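J.: Okay, structure incoming, though there's no sequence with it:
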């Protein structure tokens, strides 16, 4: 998984993300994330191109909660 995503403990940069980046942030498979999105698909709307827009990302974070990394130490 190529680049590092902008995650710092309990903060996540709100920017356009594609499904692969969101699945990496949440630590689940893309297919699992798509299943989760079905529960609020009407509110989320359709993706235009490869990326979810900033308003869509805000909806995702509000519905699924803010992702975070646990400290390995």
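T.: Looks like it came in fine. What you see is a predicted model; the values in this text were computed from it and never measured.
J.: Can you list the low-confidence ranges for this protein?
T.: Applying pLDDT under 70 to the chain flags the ranges 1-11, 68-73.
J.: where do the strands sit along it?
T.: 7-8, 11-12, 17-18, 51-52 (DSSP state E).
J.: Contacts for the last one next, please.
T.: So the one you mean is strand 51-52. 16-19, 22, 44, 60 (CB atoms under 8 Å, 6 or more residues apart in numbering). Where you see a C-beta, it was placed from the backbone N, CA and C, and this is true even at glycine.
J.: Apply 6 Å and report the result again.
T.: Identification of contacts with strand 51-52 by CB atoms under 6 Å, 6 or more residues apart in numbering yields 16-18.
J.: Just among the residues you listed, which is most surrounded?
T.: The residue in the contacts of strand 51-52 with the most neighbours, by other CB atoms under 10 Å, is residue 17 (22 neighbours).
J.: who's in contact with it?
T.: Contacts of residue 17 by CB under 6 Å, 6+ apart are 52, 57.
J.: which helix in this structure runs the most residues?
T.: Longest helix of the chain, by residue count under DSSP state H: helix 54-64.
J.: which residue is nearest the middle of this protein?
T.: When CA atoms, centre = their mean is applied to the chain, the residue found nearest the centroid is residue 22 (3.2 Å).
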